[in-house]
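Engineer: sharing a model prediction with you, sequence too.
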2 protein chains.
Amino acid sequence: MTTSAHGRNDEAKLLSGALLSKLIRERVAEKVNARKLIDGSIPGLAVVQVGDHEDSNVYIRMKRKAAESVGMKFQHVHLPSSTSVDELLLEISKLNSDRAINGILVQLPLPAHVDEKLVTESVCQSKDVDGFSSKSVGRLVKGDFQNTFISCTPKGCISLLVGSGFSIEGKVAVVLGRSNIVGRPIASLLEKHNATVVLCHSKTKNLNSIIGMADILIAAIGKPEFVNGSMLKPGCVVLDVGINSVPDATRKSGSRLVGDVDFESCKSVAYAISPVPGGVGPMTVAMLLENTLIAFERFIKTTPSPNNWKLV
Amino acid sequence: MTTSAHGRNDEAKLLSGALLSKLIRERVAEKVNARKLIDGSIPGLAVVQVGDHEDSNVYIRMKRKAAESVGMKFQHVHLPSSTSVDELLLEISKLNSDRAINGILVQLPLPAHVDEKLVTESVCQSKDVDGFSSKSVGRLVKGDFQNTFISCTPKGCISLLVGSGFSIEGKVAVVLGRSNIVGRPIASLLEKHNATVVLCHSKTKNLNSIIGMADILIAAIGKPEFVNGSMLKPGCVVLDVGINSVPDATRKSGSRLVGDVDFESCKSVAYAISPVPGGVGPMTVAMLLENTLIAFERFIKTTPSPNNWKLV
Ligand SMILES: NC(=O)C1=CN([C@@H]2O[C@H](COP(=O)(O)OP(=O)(O)OC[C@H]3O[C@@H](n4cnc5c(N)ncnc54)[C@H](OP(=O)(O)O)[C@@H]3O)[C@@H](O)[C@H]2O)C=CC1
Ligand SMILES: NC(=O)C1=CN([C@@H]2O[C@H](COP(=O)(O)OP(=O)(O)OC[C@H]3O[C@@H](n4cnc5c(N)ncnc54)[C@H](OP(=O)(O)O)[C@@H]3O)[C@@H](O)[C@H]2O)C=CC1
């Protein structure tokens, strides 16, 4: 037992996304199953991939496994890297009107000849489970959550905080990184939860002193172990979004995954901290399932059919 | 001559929106006029009002005067407060397809029976010169400025800062207030200009010490003279967005307008400060004209006609 900087006799509480995401997936599976028993319908998730990016293959396998494990239908639309933008848009439009598909995500990165924005915006609003379209982002910022999806990693971060019993209101939340898929939407969500948010990026000056103000620190910059314990405000809560591969001669693979936070030096200063792996990462996948279930439930609610008429 | 807290021998520089907006309006007028000489076409701005809200009447008169003074067509669609949502949407859809109208704004507030969101979202993207739709907000947040409009007050704030020669990059910018029409989009824009942004609101704790960090302070909370000089970091730049009417027995009207900043105590601490009135207010109107001109120019560029074929 060590005495840590926050005066408690133990190390930081572990924010285990691995554990929480398992509970969430079980809950999703229960709901999927209940509906299936009623009328045989199940949620469908489609992932559109163009080309054969190695990381993408890994992520898609992971998503398939997750979706199927909760009883969802999973469709992998795998197109050759030579696919034209028009052909890709046609595939998406087919999925947009496919009643068996509730969630659509376009696996990024796309090949260089494809306009990512055009493609992202072509996914219809009611199936945009990634929450990447301008309309989804706008609704998130405006706090209009009724007909939109919150993107999975930001939603996973908040879910991990709230699910672990932390209140966000009134806290100073420092977000490192402002990408459209991670930093910016996390900042927006924290503000909706009434944190006072400081959004930092590569042009931020005096970053150390700003990190030192954080009651809640979110690191999402893609720099291995950038944040260390000496920067932290004792007793803060740290979420590490980063996933970085660093060389490690002791591993068979020759590398290992680390976050943007130096876990070892931070765990004795922070009150709670999420590990990498096993922190935010699994939450992201759980949120994708949750969003697909939400899309499915909205579809059922708004689309009259002989089957769900029975229900109402 | 007084010696102020920032060590200079004078008071804060005045960020005169009155002056800058005059220059912007002249530039808009020149462009409108040049186009008119070429083919007789002029930009059109429509304001849709439902009911007879007293403040709205004043604002609309101001907008009409401004638009007409730069040579634009101004159309006031004034509907009775009994107008149904369907009737209102029909009027907006007529304006959406009217080639003589380039910018449409719906004057808020709308009567209680009208769903503000539904109406705001019904203005087509290419004419949303107020920038209030979810899509416009999303594009702003994502930094995708090509086919969108930045809302007028936030754009006016940045324009006043940049137009007065201040650089924003790397500065700590504290924004007080997070409304969808002012605080949030201002925070987004400051971040796009590479400031480190702190977004504050009614749930923010230790507000005074956060205000004291600001290199740039934007006050938009609607609380008369809330910010005073003792809170400021000496040498900061202050933009006062607030417009508040307070009782004043020395005035014939019995009241006067003040901002969210106590000008007198701040002017000897700040390096520069915008007054109320004559600061952000007139910039808002100038930006509305600028946005309408942009909408008009985009329309000309993308809509082939015998007249503008001559030009290319
Ligand atoms: N757990 C999960 O499920 C996910 C994890 N990730 C991981 O999260 C991390 C971030 O991803 P992503 O947002 O896509 O990355 P990006 O590369 O798109 O963005 C990185 C951001 O960090 C900022 N930044 C870079 N260096 C610094 C620095 N020294 N100080 C302050 N800010 C800095 C950049 O600033 P600027 O804008 O000024 O350039 C930029 O805003 C990565 O490690 C990624 O692997 C990503 C998605 C999902
Ligand atoms: N110059 C111009 O052209 C314009 C000027 N204005 C003026 O700007 C001001 C703000 O307008 P608007 O954004 O519409 O106002 P809103 O009332 O919609 O929003 C006020 C914001 O201020 C926050 N706030 C209120 N009290 C405090 C406090 N004590 N400390 C910190 N934050 C506080 C609120 O927080 P919370 O969200 O937690 O409630 C809210 O986010 C008004 O004076 C308005 O007249 C507005 C539009 C245009």
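Structural biologist: Structure received. Ligands and ions are numbered 1, 2, ... in the order given.
Engineer: wait, isn't A:Ser93 in contact with A:Val119?
Structural biologist: No. Applying Cβ atoms under 8 Å as the test, A:Ser93 and A:Val119 come out as separate, 11.2 Å apart. The C-beta positions use only the backbone N, C-alpha and C, and glycine is treated the same way.
Engineer: of those two, who's got more company?
Structural biologist: Using other Cβ atoms under 10 Å in any protein chain shown, the more surrounded residue of A:Ser93 and A:Val119 is A:Val119, with 20 against 13.
Engineer: name the nearest residue to A:Thr292, sequence neighbours excluded.
Structural biologist: A:Gly103 (3.8 Å; Cβ to Cβ, 6 or more residues apart in numbering or on different chains).
Engineer: residues in contact with the one you found?
Structural biologist: Neighbour list for A:Gly103: A:Pro43, A:Gly44, A:Leu45, A:Ala46, A:Lys127, A:Val129, A:Leu288, A:Asn291, A:Thr292, A:Ala295, A:Phe296 [criterion: Cβ atoms under 8 Å, 6 or more residues apart in numbering or on different chains].
Engineer: can you redo those as CSV with secondary structure?
Structural biologist: Formatted as CSV, those follow (DSSP: H, G, I helix; E, B strand; the rest coil):
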residue, secondary structure
A:Pro43, coil
A:Gly44, strand
A:Leu45, strand
A:Ala46, strand
A:Lys127, helix
A:Val129, coil
A:Leu288, helix
A:Asn291, helix
A:Thr292, helix
A:Ala295, helix
A:Phe296, helix
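Engineer: for the stretch 201-312 of chain A, what spans make up the helices?
Structural biologist: In the stretch 201-312 of chain A, the helices defined using DSSP state H, counting those that start in this stretch lie at A:207-211, A:263-266, A:280-302, A:306-311.
Engineer: show me which residues of the stretch 101-250 of chain A sit near chain B.
Structural biologist: Residues of the stretch 101-250 of chain A found near chain B (Cβ under 8 Å from any Cβ of the partner chain) are A:117, A:133-139, A:141-144, A:169-170, A:172, A:178, A:180, A:184, A:188, A:191, A:194, A:196-201, A:203-205, A:210.
Engineer: and these, which of them are buried?
Structural biologist: When those are checked for burial by 16 or more other Cβ atoms under 10 Å in any protein chain shown, the buried set is A:133-139, A:141-142, A:172, A:178, A:180, A:184, A:188, A:191, A:194, A:196-201, A:204, A:210.
Engineer: those residues in helices, which ones?
Structural biologist: Under the assignment DSSP state H, those contribute A:Ser134, A:Lys135, A:Ser136, A:Val137, A:Gly138, A:Arg139, A:Val141, A:Lys142, A:Arg184, A:Ser188, A:Glu191, A:Ile210 to helices.
Engineer: go through those and name the one nearest A:Arg27.
Structural biologist: Nearest to A:Arg27, judged by Cβ to Cβ, of those is A:Ser136 at 23.4 Å.
Engineer: now do the contacts for the closest one.
Structural biologist: A:Ser136 neighbours (Cβ under 8 Å, 6+ apart): A:Gln125, A:Asp128, A:Thr148, A:Phe149, A:Ser151, B:Gly138.
Engineer: try A:Thr120
Structural biologist: Counting by Cβ under 8 Å, 6+ apart, A:Thr120 makes contact with A:Val106, A:Phe132, A:Ser133.
Engineer: ok, back up a step: so which of the helices of the stretch 201-312 of chain A gets nearest ligand 2?
Structural biologist: helix A:207-211 (20.0 Å; Cβ to the nearest ligand atom).
Engineer: counting contacts, what elements does that closest one pack onto?
Structural biologist: Packed against helix A:207-211 by the contact rule (3 or more Cβ pairs under 8 Å, 6 or more residues apart in numbering or on different chains; DSSP states H and E) you find strand A:172-176, strand A:196-200.
Engineer: so how far is the first residue of stretch A:102-113 from its last?
Structural biologist: End-to-end span of stretch A:102-113 (Cα to Cα, to the nearest Å): 28 Å.
Engineer: quick one: it to chain centroid distance?
Structural biologist: 16 Å (Cα atoms, centre = their mean, to the nearest Å).
Engineer: reformat the helices and strands packed on helix A:207-211 as JSON lines; add mean pLDDT and distance to ligand 2.
Structural biologist: Output for the helices and strands packed on helix A:207-211, formatted as JSON lines (pLDDT from 0 to 100; distance: least, Cβ to the nearest ligand atom, whole Å):
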{"stretch": "strand A:172-176", "mean pLDDT": "98", "distance to ligand 2": "14"}
{"stretch": "strand A:196-200", "mean pLDDT": "98", "distance to ligand 2": "10"}
